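K.L.:
need the 3D shape of this:
(one chain, ligands or ions: 1)
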Amino acid sequence: MNKEELYKEVLAQAGSVVAGETDLIANMANVAALLHEAFGFWWTGFYRVITPSNSPTRGENIQELVLGPFQGPLACTRIPFGKGVCGTAWAKAETIIVPNVHEFAGHIACSSESNSEIVVPMFQDGEIIGVLDIDSKEYNTFDETDKRYLEKIVGQM
Ligand code: SME
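P.N.:
You can find the predicted model right below:
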């Protein structure tokens, strides 16, 4: 099965999994597991936009990303707006494909084994509520096919 065919299956499976559940965190957990298992990525997970009253890093009432459900090794818990690939995808409100993370200025290295990455913002009522972040140990893992299907997958959550 090629990548596109696999994505079609995962898109359908993700659709039926999230259709029966309204809790976003539960859906993030299942979609992270589904993608991680299907494609064997290095790290697959979500960060949620929150406005913390007690952020250890940003003070009160400043929005930031906080780690959500994921599969893979331990990850950084908080990412400021505009920082790293995740914070940049949030700030630009668009998917970012990074063929080589070592060449992305400001990349946040949660794992030294990650070499390429894609970050897809999640929208709800026109607002970004979080991002899907996927890391690969290989360079150049992600392309327009990943972008297209991952955007569809988060779009139906
Ligand atoms: N590399 C990301 C940080 C999150 S980890 O990859 C899981 C970034 O630069 O935003």
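
K.L.:
the strand or helix carrying residue 46: what's the following helix or strand?
P.N.:
Under the criterion DSSP states H and E, the helix or strand holding residue 46 is strand 43-50. Counting by DSSP H and E, the element after strand 43-50 in chain order, helix or strand, is strand 64-71.

K.L.:
what comes up buried for stretch 64-76?
P.N.:
Within stretch 64-76, the residues that count as buried by 16 or more other C-beta atoms under 10 Å are 64-65, 67-72, 75. C-beta: built from backbone N, CA, C; applies to glycine.

K.L.:
alpha carbons only: can I get it in CSV?
P.N.:
Coordinates of the C-alpha atoms in stretch 64-76 are reproduced here as CSV (Å, rounded to 0.1, in the frame of the first residue of the first chain):
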residue,chain,number,x,y,z
GLU,A,64,0.9,29.2,24.9
LEU,A,65,0.9,25.6,23.6
VAL,A,66,0.9,22.8,26.2
LEU,A,67,1.7,19.2,25.5
GLY,A,68,-1.4,17.0,24.8
PRO,A,69,-1.8,13.4,24.0
PHE,A,70,1.1,11.9,22.1
GLN,A,71,2.9,8.7,21.2
GLY,A,72,6.7,8.5,21.4
PRO,A,73,9.5,9.7,23.7
LEU,A,74,9.1,12.4,26.3
ALA,A,75,8.5,15.9,24.9
CYS,A,76,8.8,19.5,25.9
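
K.L.:
pLDDT score for the most centrally placed residue in the chain?
P.N.:
For the chain, the residue sitting closest to the mean C-alpha position, by C-alpha atoms, centre = their mean, is residue 132 at 1.6 Å. We note a pLDDT of 98 for residue 132 in this prediction.
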